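J.: Output the structure for:
(chains A and B)
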There are 2 protein chains.
Amino acid sequence: MKKPNPDDELVFLPLGGSGEIGMNLNAYGYGPAEARKWIIVDIGVTFGREEATPGVDVILPDPAYLADASADILGIVLTHAHEDHIGALGWLWPRLKAPVYATPFTAALVREKLKERGLLDKVPLTEIPMKGKLTLGPFDIEFVTLTHSIPEPNGLAIRTPLGLVWHTGDWKIDPDPMIGEVTDEVTLRAMAEEGVLAMVCDSTNVFVEGTSGSEADVREKLATVIAGCTGRVAVTAFASNVARVESALFAARRCGRKPCLVGRSMHRIVGAAKSVGLLADAPQILSEEEAVSLAPDKVLYLCTGSQGEPRAALTRIARGEFRNVALHAGDTVIFSSRVIPGNETAIHGLYNAFLERGVELITADDAPVHVSGHPARDELRQMYQWARPRIAVPVHGERRHILEHARLAQELQVSETIAPNNGDLIRLAPGPAAVIDEVPSGRLFVDGGVMIDADDEAMRDRRRLGAEGAVNVSMVVGDKKSTILAGPNVLLRGLSMADEEVLEAAIEELARAAEAAFGRLALEQRQDDEAVEGAVMRAVRKAADRLWGKRPLVDVSILRV
Amino acid sequence: MKKPNPDDELVFLPLGGSGEIGMNLNAYGYGPAEARKWIIVDIGVTFGREEATPGVDVILPDPAYLADASADILGIVLTHAHEDHIGALGWLWPRLKAPVYATPFTAALVREKLKERGLLDKVPLTEIPMKGKLTLGPFDIEFVTLTHSIPEPNGLAIRTPLGLVWHTGDWKIDPDPMIGEVTDEVTLRAMAEEGVLAMVCDSTNVFVEGTSGSEADVREKLATVIAGCTGRVAVTAFASNVARVESALFAARRCGRKPCLVGRSMHRIVGAAKSVGLLADAPQILSEEEAVSLAPDKVLYLCTGSQGEPRAALTRIARGEFRNVALHAGDTVIFSSRVIPGNETAIHGLYNAFLERGVELITADDAPVHVSGHPARDELRQMYQWARPRIAVPVHGERRHILEHARLAQELQVSETIAPNNGDLIRLAPGPAAVIDEVPSGRLFVDGGVMIDADDEAMRDRRRLGAEGAVNVSMVVGDKKSTILAGPNVLLRGLSMADEEVLEAAIEELARAAEAAFGRLALEQRQDDEAVEGAVMRAVRKAADRLWGKRPLVDVSILRV
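T.: Predicted coordinates for the structure are as follows:
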């Protein structure tokens, strides 16, 4: 590898994932400050929750800073296929326009994403084999096999003239992961011998003591639990956890049940897995229609919706609204999943709905039917012992996770620790690690079919509309005369009263307030539309506050003839 | 007690609290079906969360069924002063108009509620001493001392000609509650000897094994933890837990710190406690202004806001927006509280904000600085052993709590178990317990200053406005002519585009869609306002769906001159 120039710098820039779990967008830059070359590692989304961001399904990291340097982006390298690592590609690629690199299973899912957005023919996508290597300008990148909760989880050893960065991606240490190889400890130890400048590492489970456990144990336990069930069984798990899906399929076979997939992403991921040779040994899968006619103790449903998502299969089954799958007293739902923080209320609602139908529930609280895909503290300790980095850079966590991870790294005698925020431009070399700049960062919302800024005025208005409602006032005014020719028409949205009569009276009062405000301006001979609209708006808002104790959005249309 | 008449029935009717934790409204009826006399036990609220029910602060049980029988309501009896047991009184009393009975501390807080709603002089409120008795028609009511997380927690022994109902209210078994007496085991055992027909019992912690623990242990631990702190300390707890407040005040004294209350409800409850002789031995409390000048290790703040409520003192302190209290690196916040399900995200946000400032956090996960006020499974078992009811009626829980509690009661060999839903009219005697009717039940929202139905169209519109936004179209049409004289004016709210130009073009397209729809109707000679508004609305909605992939609320005003 060539020697660094004196003004070369190696920088790390997180634009997502530092401050939340998910929505990863990481960049590494190399070269002199005025002519940096970039690689992007992962480009993911997080999901809007109906309650927190109504109308917004998907949330993306704002790539503006990198988009401005798009000519200098050498490539987008993906560690694994979870949505929080690849989900933003279809939305943001047109602004970044760099070639994309991923291992086969990840590439299979990326292709589907690109197809959905009509980009399949535009994006150069290169498949890298497991343990493969890739050179992008000053970056020599090696894919290092790890274990996680999806096939083909990779860390990236990123070698530069200024040193080796070990970017873990998402990982755990599973001694028996069921699909894929075990953690490539040999390579990790060799990296340490070579010298690891910095380790950029997963913080998700830094508050969890001990280890995360093995998929092998879940596989055994799931089969035992299902063997004890007499009615229909539905297992819910993340579809992307193909090893878990396989565990459920094998459990079905062991228990004399036929498996049936329910939910779109279950079919999508199983298809992608089979396309790269996974699940080859799985039993035959029935369609929902075929499964309907099976005896209850002969079927095993594998469903999406473990987080209580309102439109997911499992939620609709719980409500009795799913066409081909009905669960009743004597049937069992196994939650082979965790409760993602923020989803507690939705998931408890799902539990309540199933229990009301007499359906038995088995969750990870009742039996070890789930293990996390992220490292608990003992695994983090092991990774630091393997890689022995000079600088620890915790990412992939809320602020509290990242700070706790930094504290752990200090305990483990790592020389330098940086706890980054999104937008921190961190110099890793030369010299001590330091935040040398703060660049624009933020979130974009996919709102319906358009991509808008998270702090767009539209979002503020929507929050206000949701909480306070709206009043629309329209009136016709003679072009040169200070008289109202028609209206004011007052329309309310989202405001009510205990009874219809009181509501009618309130609407009349708003109309009177609008008229009076117009009259006052007419007396003052001020009739420009802006003045009239402003005065009417303020008067109506004041009346609404008096009538409802609320501050609705008031819109006024003055039409002139 | 007089003999029952042959057609007398004793019924229990939950209108709140069966299906959620909180918002309790329970009624007992006695007499022949056509002439029942009622007593109401507790009348509480639950709180709207900004995300789930935007604009709604307080949620009430719908009392419509009882309001129709208001002449037959003999009294409203309150077990204790938590908001979910008394908070609806000020809102619903005008529809029920029955005398109110409560022990002194509860009465003190009820008076404040009534004052706020201008009802203090209207509501007959009778103070009942602890262990007091009260006769309301066929109901002989005895207040039985229990332990909980507020002063003066009472269960009610309700004796009727058809048997004794033991209504526990909220309780735990605290051997050393710090304020108030221990659980009145003697009376409970005596009730069992007399024969308990039915026990209506708290289900909150039915999923928690073991026991809830004692306030005495928290008192000791809080003092130890605070003694180990060197900077400023803020303890956050529910203000209504006066024993906990006292524990913090005593800990301050032991650690050479001066206490300072922060947050309105902290002052309100401490005032009420002192008015009934509690906290007599507490150290002097400083005002925020006085506390500002103390050395960091000489002050202890006692704050509201443990649930991350957006406007609470603690949230504003975490944001650095609270005038007289600032916490920095080296200071500590102790969460002497639990995470109420649904509040995880808000509370984690609070943690993140404090950690970002370098403030240390101590939560119930780190040290035993909190105990629950509700019975864990061993306490429930003890209560069933004491009271030995013939019928178990679990209340005060989500469906999953109530069903699990029913299962526990069956395990404990209780002869009959009823798992009620709100609105179930349950006959307790004569004959086997059974749901004999379903009566209207539901929720009311306090929306700003007005009380509306939870399924009012306004709430549906607000949800849609929040998620989809609004389009307002107004236009002026000649009275008899089929031409547009002015407009269409198109106003958007909550809809945006990536840039201003695209947005302008979209607005123009909506206007063209409106014009075209009007034109089509004009050709058909259909000009009544309703037809025009409907056609324009549909055309604009379709265009909006095409442009944004969203379905905003479209309002059309046709003005004629």
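J.: A:Ile40 belongs to a strand?
T.: Yes. With DSSP: H, G, I helix; E, B strand; the rest coil as the criterion, A:Ile40 is assigned to a strand.
J.: List the residues that contact it.
T.: Contacts for A:Ile40 (Cβ atoms under 8 Å, 6 or more residues apart in numbering or on different chains) come out as A:25-27, A:66, A:73, A:75-77, A:96, A:98. (C-beta placed from N, C-alpha, C; glycine too.)
J.: of all those residues, which comes closest to B:Pro389?
T.: A:Leu25 (59.6 Å; Cβ to Cβ).
J.: which stretches of the stretch 351-500 of chain A aren't confidently modelled?
T.: Applying pLDDT under 70 to the stretch 351-500 of chain A flags the ranges A:479-481.
J.: In it, mark out all the helices, start to finish.
T.: A:377-387, A:399-411, A:457-468, A:500-523 (DSSP state H, counting those that start in this stretch).
J.: of all of the stretch 301-450 of chain A, which residue lies closest to chain B?
T.: A:Gly449 (3.0 Å; Cβ to the nearest Cβ).
J.: these two touch, right, that residue and B:Arg551?
T.: No. With contact defined as Cβ atoms under 8 Å, A:Gly449 and B:Arg551 do not form a contacting pair (11.8 Å).
J.: my guess is A:Val100 meets A:Arg111, correct?
T.: No. In this structure A:Val100 lies outside contact range of A:Arg111 using Cβ under 8 Å: 10.2 Å.
J.: Now name the helix or strand holding A:Asp5.
T.: Small correction: residue A:5 is Asn, not Asp. Using DSSP states H and E, A:Asn5 falls within no helix or strand.
J.: pull the CA atoms of the helix or strand hosting A:Val245 into CSV?
T.: Here A:Val245, judged by DSSP H and E, is contained in helix A:242-254. Extracted in CSV, the C-alpha atoms of helix A:242-254 (Å, rounded to 0.1, in the frame of the first residue of the first chain):
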residue,chain,number,x,y,z
VAL,A,242,-33.6,-16.9,7.7
ALA,A,243,-31.9,-19.2,10.3
ARG,A,244,-35.0,-18.6,12.5
VAL,A,245,-37.3,-19.3,9.6
GLU,A,246,-35.4,-22.5,9.0
SER,A,247,-35.7,-23.4,12.7
ALA,A,248,-39.4,-23.0,12.5
LEU,A,249,-39.6,-25.0,9.3
PHE,A,250,-37.5,-27.8,10.8
ALA,A,251,-39.6,-27.7,13.9
ALA,A,252,-42.7,-28.1,11.8
ARG,A,253,-41.2,-31.2,10.2
ARG,A,254,-40.2,-32.7,13.5
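J.: Report all helices and strands that it contacts.
T.: helix A:215-227, strand A:258-262, helix A:264-275, strand A:299-303 (3 or more Cβ pairs under 8 Å, 6 or more residues apart in numbering or on different chains; DSSP states H and E).
J.: what about the helices in the stretch 101-250 of chain A?
T.: Going by DSSP H, counting those that start in this stretch, the stretch 101-250 of chain A shows helices at A:104-116, A:185-194, A:215-227, A:242-254.
J.: okay, these, which one's buried deepest?
T.: helix A:242-254 (a mean of 24; mean count of other Cβ atoms under 10 Å in any protein chain shown).
J.: which residues touch it?
T.: Applying Cβ under 8 Å, 6+ apart, the set of residues contacting helix A:242-254 from outside is A:149-151, A:177-180, A:215, A:218-219, A:222-223, A:226-227, A:235, A:237-239, A:257-259, A:266, A:269-270, A:273, A:278-279, A:282-283, A:285, A:300, A:302, A:336.
J.: what about A:Arg560, how many neighbours?
T.: A:Arg560 is flanked by 17 other residues according to other Cβ atoms under 10 Å in any protein chain shown.
J.: pretty sure it contacts A:Ser482?
T.: No. With contact defined as Cβ under 8 Å, A:Arg560 does not reach A:Ser482; the gap is 11.7 Å.
J.: which residue sits closest to the residue of the stretch 301-450 of chain A closest to chain B, ignoring its sequence neighbours?
T.: Nearest residue to A:Gly449, sequence neighbours excluded (Cβ to Cβ, 6 or more residues apart in numbering or on different chains): B:Gly549, at 3.0 Å.
J.: just A:Phe139 next, same as before
T.: A:Ile39 (5.2 Å).
J.: Also A:Leu314?
T.: If the residues on either side of it in the chain are set aside, A:Leu314 comes closest to A:Gly305, at 3.1 Å by Cβ to Cβ, 6+ apart.
J.: wait, what's in contact with the one you found?
T.: A:236, A:263, A:312-315, A:350.
J.: can I get these in a markdown table with pLDDT, secondary structure and distance to A:Gly90?
T.: Formatted as a markdown table, those follow (pLDDT from 0 to 100; DSSP: H, G, I helix; E, B strand; the rest coil; distance: Cβ to Cβ, whole Å):
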| residue | pLDDT | secondary structure | distance to A:Gly90 |
| --- | --- | --- | --- |
| A:Thr236 | 98 | strand | 26 |
| A:Gly263 | 93 | coil | 21 |
| A:Ala312 | 91 | coil | 21 |
| A:Ala313 | 92 | helix | 24 |
| A:Leu314 | 96 | helix | 26 |
| A:Thr315 | 96 | helix | 26 |
| A:Leu350 | 97 | helix | 30 |
